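Enquirer: sequence plus the predicted model coming up.
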Number of protein chains: 2
Amino acid sequence: MARRRRRVSPEQILHAAALEFAERGYAGARVDRIARRAAVNKAMLYYHFTSKQQLYRTLLRQMFSRAAERLQAIAGSNAAPAAKVDRVIAAIAAVIQEHPVFPSIMLREVAEGGAHLDRATLLALASVPRAVAAIVEEGVASGAFRAVHPVFAYFSVLAPIVFYLAGTPIRKELSHLHVIDLRALSPAEFVAAMQDAARRSFARDRRVRRAS
Amino acid sequence: MARRRRRVSPEQILHAAALEFAERGYAGARVDRIARRAAVNKAMLYYHFTSKQQLYRTLLRQMFSRAAERLQAIAGSNAAPAAKVDRVIAAIAAVIQEHPVFPSIMLREVAEGGAHLDRATLLALASVPRAVAAIVEEGVASGAFRAVHPVFAYFSVLAPIVFYLAGTPIRKELSHLHVIDLRALSPAEFVAAMQDAARRSFARDRRVRRAS
DNA sequence: CATAGAAAACTAACTAGTTAGTTAACTGAA
DNA sequence: TTCAGTTAACTAACTAGTTAGTTTTCTATG
């Protein structure tokens, strides 16, 4: 109690930066505001990070690396492919629950085309789809899955979760306008539905009727 | 040929604005750059649109309204629900092909939480999920679909397409780094795969094995 | 232990450049 | 003459990054 003069930690700045970048995007984020949110003098921020860009890259590299680590652990385990997909979906949801800024930053960076990222950050980002693709390829090779394209599988699983969770504020806005009657659908229910849908979508055929 | 002095049209400005907002986002977009892209004096831009914000809102209202119109036409037709879903997916892909800026702007706006939008624009935006939800609810009610939540259905269908198409530049960046070996997957193939996955995911049960 | 001096942590105020929006004056057609 | 359409130049506010100088903490030596 009553610590005399709280030391400035880079983590404290990264945390504030995550909130600011998630809310406003790279261009909309203000370094002064990040410093204020971190309760740190701006020059102190520049003492720890050389520029706004480097701060952003550090943040994203950290975020993507942590997410990829988890997925790689799942991919490397010896569960059945269908169980791995289930766990991947749960892991993505868990990472997002721990870092609620993740979906928004990811959406923005995809829209931006990776304009602010360097090689190292792109490498970290790429590990995420790679882990998912490895699981799907294994499932297809072993005959547990039908011949789904791993890139399609990646997007069809990740995109809805990220989109749904990033969209929470705008959905709140819309329901506030009484413009759409979104029957409550909690994140947990969404994840369960996604697991169910993925299972059905990847499962080997047992004759499916074609839509007219 | 050799038109003497092309009149400035608002459409020409809107077109340039769409490119700029898609590439840079609302905060990153520069009014000077929009004017230059439209080959128009900046004061002329302000002659037609009262502010950057109003230009943005006009653009988004137009885009969402056009997309919603198409989906409403499909929802109102008398095809079977499964066929309607097929057509909705194709229609979303078609709208995006005609307006390649759509996915990027949509991703950004979701991430932003609708911060720059007014009531009219939010209304136009809401019409898109409403049309999809109506189709799914009809399918569930008629027994053609299993009991999928319409909000989940909307996200599981729309998000992958938007994400995949918005992600084209960053995927190009990644494959350029030889960091991931994305077997070519064309937009047309992606759409077909999405239609297939949706059919499987919404179809009424005929016993599905649970993943361990 | 005491303390000088170096290194690290910290700050208020500043700078150079940018940006949305304005203005005052001009042009040509009805 | 009138006035919608058009322009270059301007302005007030903002923004990333810097600087010059202060305070705290660490370290080594008598």
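Expert: Received it, and whenever you're ready, just let me know what you need. Residues are numbered from 1 along each chain as shown, chains lettered A, B, ... in the order given.
Enquirer: okay, and the closest residue to residue A:197 other than its chain neighbours sits in which element?
Expert: Excluding its sequence neighbours, the residue lying closest to residue A:197 (CB to CB, 6 or more residues apart in numbering or on different chains) is residue B:201, at 4.3 Å. Any C-beta I mention is one placed from the backbone N, CA and C, and that applies to glycine too. Using DSSP states H and E, residue B:201 sits in helix B:187-202.
Enquirer: same for that helix, what does it pack against?
Expert: helix A:150-166, helix A:187-202, helix B:81-98, helix B:150-166 (3 or more CB pairs under 8 Å, 6 or more residues apart in numbering or on different chains; DSSP states H and E).
Enquirer: one more time with 10 Å, if that's ok
Expert: If contacts are counted by 3 or more CB pairs under 10 Å, 6 or more residues apart in numbering or on different chains; DSSP states H and E, helix B:187-202 sits against helix A:150-166, helix A:187-202, helix B:81-98, helix B:119-142, helix B:150-166.
Enquirer: CSV for these, including distance to DNA strand C?
Expert: Formatted as CSV, the helices and strands packed on helix B:187-202 follow (distance: least, CB to the nearest atom of the strand, whole Å):
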stretch, distance to DNA strand C
helix A:150-166, 24
helix A:187-202, 35
helix B:81-98, 26
helix B:119-142, 17
helix B:150-166, 22
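Enquirer: gap between the residue nearest to residue A:143 when sequence neighbours are not counted and residue B:200?
Expert: Residue nearest to residue A:143 in three dimensions, not counting chain neighbours: residue A:204, with 6.8 Å by CB to CB, 6+ apart. Plainly put, residue A:204 is 11 Å away from residue B:200 if you go by CB to CB, to the nearest Å.
Enquirer: next one: residue A:103
Expert: 26 Å.
Enquirer: ditto for residue A:47
Expert: Using CB to CB, which is the criterion applied here, residue A:47 is 55 Å from residue B:200.
Enquirer: compare neighbour counts for those two and give me the winner.
Expert: Neighbours per residue (other CB atoms under 10 Å in any protein chain shown) separate residue A:47 from residue B:200, with residue B:200 holding more: 18 against 13.
Enquirer: just checking, what packs against the helix or strand of chain A with the lowest mean pLDDT?
Expert: For chain A, using mean pLDDT, DSSP states H and E, the weakest element among its helices and strands is helix A:168-176, scoring a mean of 89. Where contact means 3+ CB pairs under 10 Å, 6+ apart, helix A:168-176 is packed against helix A:102-112, helix B:102-112, helix B:119-142.
Enquirer: does chain A sit close to the second one?
Expert: It refers to helix B:102-112. Yes. Helix B:102-112 is in contact with chain A by CB under 10 Å from any CB of the partner chain, via B:103, B:104, B:105, B:106, B:107, B:108, B:109, B:110, B:111, B:112.
Enquirer: what about the nearest residue to the third one once chain neighbours are set aside, neighbour count?
Expert: Distances taken as CB to CB, 6+ apart put residue B:22 closest to residue B:105, at 5.2 Å, once the chain neighbours are dropped. With neighbours defined by other CB under 10 Å, the count for residue B:22 comes to 23.
Enquirer: for residue A:19, same thing?
Expert: When counting by other CB under 10 Å, one arrives at 17 neighbours for residue A:19.
Enquirer: ok, it to residue A:36 distance?
Expert: Counting by CB to CB, the gap from residue A:19 to residue A:36 is 12 Å.
Enquirer: check which residues of the longest helix anywhere in chain A are buried.
Expert: Criterion DSSP state H: the longest helix present in chain A is helix A:52-76. Across helix A:52-76, burial judged by 16 or more other CB atoms under 10 Å in any protein chain shown covers A:52, A:55-65, A:67-68, A:70-71, A:74-75.
Enquirer: ok, and of the residues you listed, which contact chain B?
Expert: Near chain B, by the rule CB under 10 Å from any CB, you find none of the buried residues of helix A:52-76.
Enquirer: residue A:68 touches residue A:134, doesn't it?
Expert: No. Using CB atoms under 10 Å, residue A:68 is not in contact with residue A:134, being 11.5 Å away.
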